[in-house]
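Undergrad: Following is a predicted model, sequence given first.
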Amino acid sequence: MNDMTPTREQRTAALEGMGCKRKRVEDIRFTQGKGNYVDDVKLPGMLHGDFVRSPHAHARVKSIDDTEALKVPGVLAVITAETLKTVNLAWMPTLAGDVQMVLADGKVLFQNQEVAFVVATDRYAADDGINKVKVEYEALPPLIDPFKAMDKDAPVLREDLAGKIAGAHGPRKHHNHIFEWTVGDKDLTDAAFKKAEVTIKEMISYHRTHPSPLETCQCVCSFDKIKGELTIWGTFQAPHVIRTVVALIAKLPEQKIHVIAPDIGGGFGNKVGAYPGYICAAVASIVTGKPVKWVEDRIENLTATSFARDYHMTTEIAATKEGKVTGLRVHVLADHGAFDACADPSKWPAGFFNIVTGSYDFPTAHLAVDGVYTNKAPGGVAYRCSFRVTEAAYCIERAMDILAQKLGMDPAELRLKNFIKPEQFPYHSALGWEYDSGDYGTAMRKAMETVKYAELRKEQQQMRAAFKRGETREIMGIGVSFFTEIVGAGPSKNCDILGIAMFDSCEIRMHPTGAGIARMGTKSQGQGHETTWAQIIATEIGIPADNIMVEEGNTDTAPYGLGTYGSRSTPVAGAAIAMAARKIKAKAQMIAAYKLEVHEDDLEWDIDGFRVKGLPEKFMSMKDICWAAYNSVPPGMEPGLEAVSYYDPPNMTYPFGAYICVMTIDVDTGVYKVKRFYALDDCGTRINPMIIEGQVHGGLTEAFAIAMGQEIRYDAEGNVVTGSFMDFFMPTAVETPHWETDFTVTPSPHHPIGAKGVGESPNVGGVPAFSNAVNDAFSFLGSTHIQMPHDFWRNWQAAKNLGVFASA
Amino acid sequence: MAKTHITMKVNGAEVEGLVEPRTLLVHFIRENLQMTGTHIGCETTHCGACTVDIDGMSVKSCTMFAVQANGSDITTIEGMANADGSLSALQEGFRMMHGLQCGFCTPGMIMRAQRLLKENPSPSEDEIRMGISGNICRCTGYQNIVKAIQYAAAKINGVEFREAAE
Amino acid sequence: MIPGPFSYHRPATVADAVKLLSTLGDEARPLAGGHSLVPMMKLRLATPEHLVDLHNVAGLKGIRRDGNKVVIGAMTTQHELLASDEIAKSIPILHETALLIADPQVRYRGTVGGNVANGDPGNDMPALMMTLWATYHLDGPNGAREVAATDYYQGAYFTAIEPGELLTSISIPVPAAGHGYAYEKLKRKVGDYATAAAAVVLTMSGGKVTTCAIGLTNLSEIPLLADAAAKAVIGTSLDAATLKKAAAAAQAIMAPAADARGPVEYRKHVGGIMVTRALQRAAAKAS
């Protein structure tokens, strides 16, 4: 009999709690085609909406004629800005404090801007209809180059802002200026540069790109006229925020709005914002009394709903001859497109770009960001990164390499010399953040040892010599990147969206048989929350993860939360889950004490239940406590076993990592080969190592794509020239390199389980690793900085500019 | 536009429908047959999310008209589980090797992989990568998809699956 | 992205297909694999009123040996081409090239005829057919005729095909035994058209080139045969100076457009490199 008693290891393993490579529960349905995505939602009588879009980047809309469109069989209505004005919805507020046209009101400001919304019985008729709407435009001069946005004679883009000298973030300097945001001590920084023995200065651009999840943005809106209720199924990373936005702008009572985010086919920041399609589908449903579906196509996705990056960062570092950094000065020109629709916390017009001091102990720094309007799509979303953190990491990691080059130092050595030391944590950065924990030197050295860094440098020396002797046409680059992220927005003292603090939440209900359901304010788009959230609960309360159902995305049932983006789910909701579980456990302890007839303090927790200290045979499992909670609670205690936690984090979390990329480039064609990519991540406590590894693989693949070619490029007329998966670099299995992953563990001291978040680290750290590899490859030929993206022709161009073909 | 009557076999069952000539096969499967496992990702034949098996060929169903499939034998993701309802080797491989995240590319990826393994039961890593190069995944970076297909190949061939060392 | 309405026709014979195409005139388009036409229709850049689906037409499929020629039916798919032992044996460059076209799914449906017939400068097979001295067999309201691949391409999407005519097959003279061949294609990723590509078929004797043909893909609005470059290598052992001369001669006729693949100068530069590499690799294979 005793032989059958499970060991402690077996009991722990049975929980599949934190640290376990638990297989995902989501995969059972996804591998069988039984996911439920928005386009799978089909309602009786459902109509379809589709947009007429502008071919021009900048034009006045002279007239819109829907006569022929309305004759198309199946077309029921054509909605224009004039229609929307009757319900005061022609414009909508953006998350960044600006306003945005829902449908063109008088003019269009970017190519493929929404001009009219055709509602029809099915998507075929809607498409027929949009082809019959006649729009007369008067072309205006487009403004594409952000560096020309504040020229005296630059065209006026936003006529609606005429005379408005202050925006949401202070005074505007020019009719195309949005905001100026400054952080840090300017005088001290200027003084540091005056004293500096060595300085570098470089304009480092991070080009415009797009998150482009495989499922585009889409929704189904269904208005019930009798009940006055609006139900919206949508691709929403933040369903509760969408509900509140709809309540505020559509003036509907919030309890009558039901927002459901079903399975989501990837988000990467694309599905945080509110887009004209959602508003138009909702209005169309209210007007027609029928459900209306809107599904974006890929070209629309790439050209209209959001973009990412487009930061032009003039960066200066001051340092001593020995390579100790003494000051950092950065000016950013931020291209926001036609409307400032950045999805940042309200008080942060440039997100958390002031993490730009990175992993280094800068005694002083100063940052200024100027946001400008251009004739490009609005957005500025955080494409798999916390708000503007990838731009900041790229900026500092590129600049450190440039400094190393100037000093004649190895870039890894320069980093080691300037790291914030373990004993300096919690560390107050010159630009205002309090880093929670880190051990950068250990991570960097582990990375260097694993890849045999010194040997790689020797190999590079040999290859360079061979190149100079004309024996090879390949050059080799070693890209080092050491990033520190700031994620987990965020503490209410720093962060809100539309005035709502950026807490997150969890509600757990334990059922009598020892099973339960947990709901959160977050929304997985592939991160595997249904699997990992249950693992946290399993470890906290000793109920197997398989017995915990996780549900997200229904605003009627889930507690209010701010959603999933910016690697905030684990830092914020993950904490809420642990805290809710601990409430359950606290009540369970009282029940167990009552049932075991001891004082609570006489109990100790033992994997999956409570044990009387010193009396190991007196034990009550959590499963039994669940039953007791429904029939024999202590006198005076309410029955049941449920808890809710709303977690307002005391601080952000600061994941970090060391990445090394080895690459060769054929100078004759510009074709590169990634020979090796090693990624060491420290995300604190690891909940599910399998999922972490998967997140790192995916983020690195995105970083690879972005650094090596993924670009939203406009021609001089404002036409998008990379609007399909042919030209917008989307690597297949053939182009994608092999990834090596590794880790160290430095828990966050302020997080209940010590976890920091990982989903975005590989994108943040990966881009500089790739770009530094390319730049490192060319550096011996005399270059200091080559702009991304590093696609084949630009690599060839770089080689040519460096005189590689001069003798040919 | 006059509609055409079409019949075909889908996952072993005879089905029929009335379609316009321009009705894309993917819409016929998703809308008329209400089988929504086949997804639409790009609409320009690049991403492969809409891949189904037609008469022994992997086909992107967004670039074929339903009328063209009249009389054909089609398998979609809904027809991939074992007869007893359990996960087939590929489905199991994707789960065991964490070969999916958001799940949107997964049906197309599995449909392509099953045809690849029928034509090449023991593919090398390079052959797998080439074999799924018509399918885009935005989440996984492909590495675990390759492992998932290797896992399935081993299972189908009745040999032990060994993960390649990192 | 939904195609406009059209009427669908599925003829069973070449005669019926030709009759449909000539009767319906400009408003009709033949439909082969559909990978060029259907996306254009979804963008409403093509709005044919009639589609004549060739999938059911007897006699448009198959690969057969006919004396010293290989005849490929226009509706033969890239996948079938890749599965053909006859092609592997007698014209292996077709295999090498087909593997670089699009992706596996597209190769199951995409046809050789569709690739060569519509004059899309991005397609890979046209330059190769010119390099192989292929002949296109057309059938039309005025009967059948033959056009040399080298005479077929007149401009982007503009060819020698007359209204109502249909490409039925392609015949290719089998290159000499022991010939060397290579198709060098630079592309950004699987599924992309060539940034630049070069096809080379040559024969060698005593270490020197005896015959050579060089084709260029996507380096002009039509596929090109680089005659001067081919002439420059005859009688040489492909030494460095000759390769340079050949590349320069090929570059002299290149007129690519600037696009997302790169500026004109880059595309011509790598065009020259593709020629050089294809010549070297072809020579290494020749026996």
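TA: Received it, and whenever you're ready, just let me know what you need.
Undergrad: what residues are up against residue B:143?
TA: A:697, A:736, A:738, A:739 (C-beta atoms under 8 Å, 6 or more residues apart in numbering or on different chains). The C-beta positions use only the backbone N, C-alpha and C, and glycine is treated the same way.
Undergrad: Residues of chain B that sit close to chain C?
TA: B:1, B:4, B:20-22, B:24, B:43-46, B:48, B:51, B:57-60, B:63-65, B:67-68, B:112, B:116, B:130-134 (C-beta under 8 Å from any C-beta of the partner chain).
Undergrad: Just the buried residues of stretch A:506-514, please?
TA: By neighbour count on 16 or more other C-beta atoms under 10 Å in any protein chain shown, the buried set for stretch A:506-514 is A:506, A:507, A:508, A:509, A:510, A:511, A:514.
Undergrad: tell me the two of those that are most distant?
TA: A:506 and A:514 (18.9 Å; C-beta to C-beta).
Undergrad: re the thing from before, quick one: which of the residues of chain B next to chain C sit in helices?
TA: B:112, B:116, B:130, B:131 (DSSP state H).
Undergrad: so which residue of chain C comes closest to chain B?
TA: As assessed by C-beta to the nearest C-beta, chain B sits closest to residue C:103 within chain C, at 3.1 Å.
Undergrad: give me the number of residues near that residue?
TA: Residue C:103 has 26 neighbours, counted by other C-beta atoms under 10 Å in any protein chain shown.
Undergrad: what's the closest non-adjacent residue to it?
TA: Among residues not flanking residue C:103 along the chain, residue B:134 sits closest, at 3.1 Å (C-beta to C-beta, 6 or more residues apart in numbering or on different chains).
Undergrad: Quick check: that neighbour vs residue B:112, distance?
TA: Applying C-beta to C-beta, to the nearest Å, the value for residue B:134 to residue B:112 is 7 Å.
Undergrad: Which neighbours do the two have in common?
TA: Shared contacts of residue B:134 and residue B:112, counting by C-beta under 8 Å, 6+ apart, come down to B:48, B:51, B:58, C:104, C:105.
Undergrad: ok so, going back, of all pairs in the ones in helices among the residues of chain B next to chain C, which one spans the longest distance?
TA: Farthest pair in these (C-beta to C-beta) is B:112 and B:130. Separation: 11.4 Å.
Undergrad: Quick check: residue A:65 touching residue A:116?
TA: No: applying C-beta atoms under 8 Å as the test, residue A:65 and residue A:116 come out as separate, 10.0 Å apart.
Undergrad: quick one: which of these two has more around it?
TA: Neighbour count, other C-beta under 10 Å: between residue A:65 and residue A:116, residue A:116 has more, with 25 against 13.
Undergrad: Could you check stretch C:94-102 and say which residues are buried?
TA: C:94, C:95, C:96, C:97, C:98, C:100, C:101, C:102.
Undergrad: number of nearby residues for residue B:162?
TA: Count around residue B:162 with other C-beta under 10 Å applied: 9.
Undergrad: Could you do residue B:146 as well?
TA: With other C-beta under 10 Å as criterion, residue B:146 counts 25.
Undergrad: Residue 120: what's its closest spatial neighbour, skipping adjacent residues?
TA: Going with chain A. In space, residue A:120 is closest to residue A:126, 3.9 Å off (C-beta to C-beta, 6+ apart).
Undergrad: try chain C instead
TA: Nearest to residue C:120 is residue C:36, by C-beta to C-beta, 6+ apart, at 5.9 Å.
Undergrad: Give me the neighbour count for the one you found.
TA: Here the number of neighbours of residue C:36 (other C-beta under 10 Å) works out to 21.
Undergrad: That one reaches residue C:114, doesn't it?
TA: Yes: with contact defined as C-beta under 8 Å, residue C:36 reaches residue C:114; the gap is 6.8 Å.
Undergrad: Check chain B for the residue nearest chain A and tell me.
TA: Counting by C-beta to the nearest C-beta, chain B gets nearest to chain A through residue B:37 (1.9 Å).
Undergrad: Give the full set of residues in contact with that residue.
TA: A:32, A:33, A:34, A:35, B:76, B:77, B:78, B:107.
Undergrad: Switch those over to JSON lines; also include neighbour count and pLDDT.
TA: Converted to JSON lines, the contacts of residue B:37 look like this (neighbours: other C-beta atoms under 10 Å in any protein chain shown; pLDDT from 0 to 100):
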{"residue": "A:32", "neighbour count": "21", "pLDDT": "98"}
{"residue": "A:33", "neighbour count": "25", "pLDDT": "97"}
{"residue": "A:34", "neighbour count": "17", "pLDDT": "97"}
{"residue": "A:35", "neighbour count": "25", "pLDDT": "97"}
{"residue": "B:76", "neighbour count": "25", "pLDDT": "98"}
{"residue": "B:77", "neighbour count": "29", "pLDDT": "98"}
{"residue": "B:78", "neighbour count": "18", "pLDDT": "98"}
{"residue": "B:107", "neighbour count": "30", "pLDDT": "98"}
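Undergrad: quick one: which of those is nearest to residue A:91?
TA: The shortest gap between residue A:91 and any of the contacts of residue B:37 belongs to residue A:35, at 35.2 Å (C-beta to C-beta).
Undergrad: per-residue confidence for the residue lying closest to that closest one once chain neighbours are set aside?
TA: Spatially, and ignoring its direct neighbours in sequence, residue A:35 is nearest to residue A:263 (4.3 Å; C-beta to C-beta, 6+ apart). Looking at residue A:263, its pLDDT stands at 98.
Undergrad: Tell me, how many residues neighbour residue A:263?
TA: Residue A:263 has 22 neighbouring residues, counting by other C-beta under 10 Å.
Undergrad: and the gap between residue B:104 and residue A:361?
TA: Where residue A:361 is concerned, residue B:104 sits at a distance of 43 Å (C-beta to C-beta).
Undergrad: which of those two has more neighbours?
TA: It is residue B:104, of residue B:104 and residue A:361, that has more neighbours when counted by other C-beta under 10 Å, with 29 against 17.
Undergrad: Next up, the contacts around whichever residue of the stretch 201-350 of chain A sits closest to chain C.
TA: Residue nearest to chain C within the stretch 201-350 of chain A (C-beta to the nearest C-beta): residue A:297, separated by 4.7 Å. Contacts of residue A:297 were listed using C-beta under 8 Å, 6+ apart, and they are A:216, B:43, C:1.
Undergrad: is it true that the second one touches residue C:42?
TA: Yes: using C-beta under 8 Å, residue B:43 is in contact with residue C:42, at 6.3 Å.
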